[in-house]
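Peer 1: Could you work out the structure for the sequence below:
(one chain, ligands or ions: 2)
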Amino acid sequence: VTRLILVLGDQLSESLTALASADKARDLVIMAEVAAETEYVAHHPRKIALILSAMRKFAARLRAMGWGLAYTRLDDPENTGSVSGELLRRASETGAVEVLLTTPGEWRLIQELQDLPLAVRFLPDARFVSRRSDFRNWAKGRKQLRMEWFYREMRRKTGLLMEGDRPVGGKWNYDMENRKVPPKDAVFPVPMRFEPDAITEEVLACVEERFGEHFGTLRPFWFATDRVQALAALDHFVSKALPWFGDYQDAMLTGERFLNHAAISVYLNIGLLEPMEVCRAAEAAWRAGRVPLNSVEGFIRQIIGWREYVRGIYFLEGPGYTTRNFLEHDRELPPLYWGADTRMHCLAEAVAQTRDEAYAHHIQRLMVTGNFALLAGVDPQQVHEWYLAVYADAFEWVEAPNTLGMSQFADGGLVASKPYVSGGAYINRMSDYCKRCFYDVQAKTGPNACPFNALYWHFLDRHRDRFADNPRMGNAYRTWDRMDETRRRQIIADASAFLEKLERRETV
Ligand code: FAD
Ligand code: SF4
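Peer 2: Ligands and ions are numbered 1, 2, ... in the order given. You can find the predicted model right below:
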């Protein structure tokens, strides 16, 4: 053996560049379940189970394809506990001095592997539409890195939803049609569920024993754990939910955890599905007349637009990105994020489904849990660690720009052109949460007023220096300035009293 081919837990794709460049006859594939990866944050047990089960099945698949493979299980007595430790151990066992791998999606791991006393060769990750160097070139010389412009480039590059060099239907973006509230009798499909097989059951038992204390419910475990299942889940989404994906994309309903969302980010992010095949399946359904244009465009924009864009930002900005704190927020993350009681129904719903499913959809992440943390001035580092831990689809390249950039404005406006903050009115418009809440969303002051209302003005007021000149915030500041002085004082006093309660860790 002359080379070790490292395959990580989120690189479970047969098309992986490291495998394509390897030689089945002489190279040895290395896969390892290690404590350093399962414990760098307190991951949701369901996320750990998904990755371990999918790794074991992918290893079996590679062996069946004729690869030589050394696999370390979490409970192997010789397990050194880290990816670099396992590479060194395998190198000394085999005499290998070279390692080949597809570049990891996390600076932490890239740096760890760069420091190894072995010849480590990193290959680009060709599972993405945009290479890191493509994004760097696109970003070069631009004053603002707006997603919409990047997205149009991606449409041209892939030819998705294009007629020559023009977007089909004449518009690039149909978002204006995508903010509908579902009718009362709407019925939503659920994502395809898979019974755990013997391999998954073994993993579930191991996760229960080792990570049972982590926040999150492990069973019923229903994720797809191999490519065949993930493809079935994709088909199911395209036929059952995609037609309405656009219409109700921003809606939130009590007890409806998935609405018409795809719930495929988990599969995309560990490599069981690839972005282009997902987009092509959606585009084919539109061409066959089964899906309207606003839905297919909205969906494809999330994948070749947002998903590729946030990855570009993560690598462009370098390892320091996750430590940014533009607004100098420093409050502790309130215990309600870990399931402590709250009377705020929107937060209780979003956190409960996060605990039960390791999933929440975009608007819940952005406009409920994210919005509240930003308004309350929570330390973005703690917010980042929470999102990284609790969602099964959370890997730093995608989670950090979404959390620190889009949601917490911690990068000073690189990703978001204005902070995503709102009072209760937005949540009330997009959900049925407020009807079931202890608080009154219409009330702006007083003990029963929705806390989002006063916190929203408190946020604008305390960050006036930073946002008053932002053209997208002008209206909000004008409304605030027009309020009479006594009302403004009352709002600030209410918000401050609420924040003190949070500080004392009282139930809010
Ligand atoms: P759908 O709504 O059905 O969208 C389809 C696909 O588009 C998703 O599967 C996903 O791959 C992609 N997508 C949509 N929005 C985004 C986005 N903003 N960035 C990247 N891809 C996107 N997504 C993650 O994959 N991992 C994360 O750790 C993550 N953390 C987030 C943290 C915050 C604070 C916010 C606001 C968003 C985060 N997102 C993250 C983006 C988004 O919320 C999820 O991708 C989405 O909810 C996944 O569910 P779905 O498959 O049902 O998505
Ligand atoms: Fe959330 Fe306020 Fe609505 Fe209650 S009233 S659900 S706290 S937005």
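Peer 1: name the element the residue lying closest to residue 445 once chain neighbours are set aside belongs to?
Peer 2: Spatial nearest neighbour of residue 445, excluding adjacent residues (CB to CB, 6 or more residues apart in numbering): residue 490 at 4.8 Å. All C-beta spots, glycine's among them, are computed from the backbone N, C-alpha and C. Per DSSP states H and E: residue 490 is located in helix 485-503.
Peer 1: Give the buried residues for that helix.
Peer 2: 490-491, 494-495, 498-499, 502 (16 or more other CB atoms under 10 Å).
Peer 1: Also stretch 463-474?
Peer 2: For stretch 463-474, the neighbour count (16+ other CB under 10 Å) marks 463, 466-467, 473 as buried.
Peer 1: Now do the domain split for the chain, please.
Peer 2: 3-123, 132-189+241-315, 335-503 (automatic domain parsing).
Peer 1: So the second one, near ligand 1 or not?
Peer 2: This means domain 132-189+241-315. Yes. Domain 132-189+241-315 lies within reach of ligand 1 by CB under 6 Å from any ligand atom, at 261-265, 268-269, 299, 302-303, 306-307, 310.
Peer 1: before we move on, back to that, how close does the residue nearest to residue 445 get to residue 443?
Peer 2: Counting by CB to CB, to the nearest Å, the gap between residue 490 and residue 443 amounts to 12 Å.
Peer 1: Between the two ends of stretch 244-263, what distance do you get?
Peer 2: Stretch 244-263 has an end-to-end distance of 14 Å (CA to CA, to the nearest Å).
Peer 1: near ligand 2 at all, it?
Peer 2: No. Using CB under 6 Å from any ligand atom, stretch 244-263 stays clear of ligand 2, with a minimum separation of 9.5 Å.
Peer 1: Surely the residue nearest to residue 445 and residue 453 touch.
Peer 2: No. Contact criterion CB atoms under 8 Å: residue 490 and residue 453 do not qualify, at 11.5 Å.
Peer 1: Residue 337: what's its closest spatial neighbour, skipping adjacent residues?
Peer 2: Spatial nearest neighbour of residue 337, chain neighbours left out: residue 386 (5.6 Å); criterion: CB to CB, 6+ apart.
Peer 1: hang on, the one you found in a helix?
Peer 2: Yes. Under DSSP: H, G, I helix; E, B strand; the rest coil, residue 386 sits within a helix.
Peer 1: how about residue 48, secondary structure?
Peer 2: helix.
Peer 1: quick one: pLDDT of residue 1?
Peer 2: With respect to pLDDT, residue 1 scores 65.
Peer 1: Just the terminal-to-terminal distance for stretch 261-276.
Peer 2: Terminal residues of stretch 261-276 are spaced 18 Å apart (CA to CA).
Peer 1: Likewise for stretch 259-268?
Peer 2: Using CA to CA, the end-to-end distance of stretch 259-268 comes to 19 Å.
Peer 1: Hmm, residue 314 is touching residue 396, no?
Peer 2: Yes. Between residue 314 and residue 396 a contact is recorded at 7.1 Å, counting by CB under 8 Å.
Peer 1: ok, these two, which is more surrounded?
Peer 2: Neighbour count, other CB atoms under 10 Å: between residue 314 and residue 396, residue 314 has more, with 27 against 21.
Peer 1: For the nearest residue to that one once chain neighbours are set aside, give me the pLDDT.
Peer 2: Once flanking residues are discounted, residue 314 sits nearest to residue 397: 4.5 Å by CB to CB, 6+ apart. At residue 397, the model reports a pLDDT of 98.
Peer 1: count of neighbours near residue 448?
Peer 2: That count, for residue 448 with other CB under 10 Å as the rule, works out to 11.
Peer 1: what are the phi and psi angles of it?
Peer 2: phi -100, psi 0 (degrees, to the nearest 10).
Peer 1: now residue 112: how far from residue 82?
Peer 2: Separation of residue 112 from residue 82 (CB to CB): 7 Å.
Peer 1: between these two, what contacts are shared?
Peer 2: Counting by CB atoms under 8 Å, 6 or more residues apart in numbering, residue 112 and residue 82 have no shared contacts at all.
Peer 1: who in the stretch 201-350 of the chain is up against ligand 2?
Peer 2: Residues of the stretch 201-350 of the chain lying near ligand 2 (CB under 6 Å from any ligand atom): 344-346.
Peer 1: Which residue, other than its chain neighbours, is closest to residue 85?
Peer 2: residue 34 (7.3 Å).
Peer 1: can you give me the strands for the stretch 51-200 of the chain?
Peer 2: 68-72, 98-102, 119-123, 162-163, 166-167 (DSSP state E, counting those that start in this stretch).
Peer 1: Quick check: which of the ones you listed is nearest to ligand 2?
Peer 2: Distance to ligand 2, taken as CB to the nearest ligand atom, is lowest for strand 166-167 among the strands of the stretch 51-200 of the chain, at 36.0 Å.
Peer 1: Please tell me how far that closest one is from the chain's geometric centre.
Peer 2: Taking CA atoms, centre = their mean, to the nearest Å, one finds strand 166-167 lying 29 Å from the centre of the chain it belongs to.
Peer 1: List the strands paired with that strand, with their directions.
Peer 2: When pairing is defined by DSSP bridges, strand 166-167 lines up against strand 162-163 (antiparallel).
Peer 1: which residues touch the strand it pairs with?
Peer 2: By CB under 8 Å, 6+ apart, strand 162-163 touches 155-156, 168.
Peer 1: are any of these buried, and which?
Peer 2: Using 16+ other CB under 10 Å as the burial test, the contacts of strand 162-163 include 155, 168 as buried.
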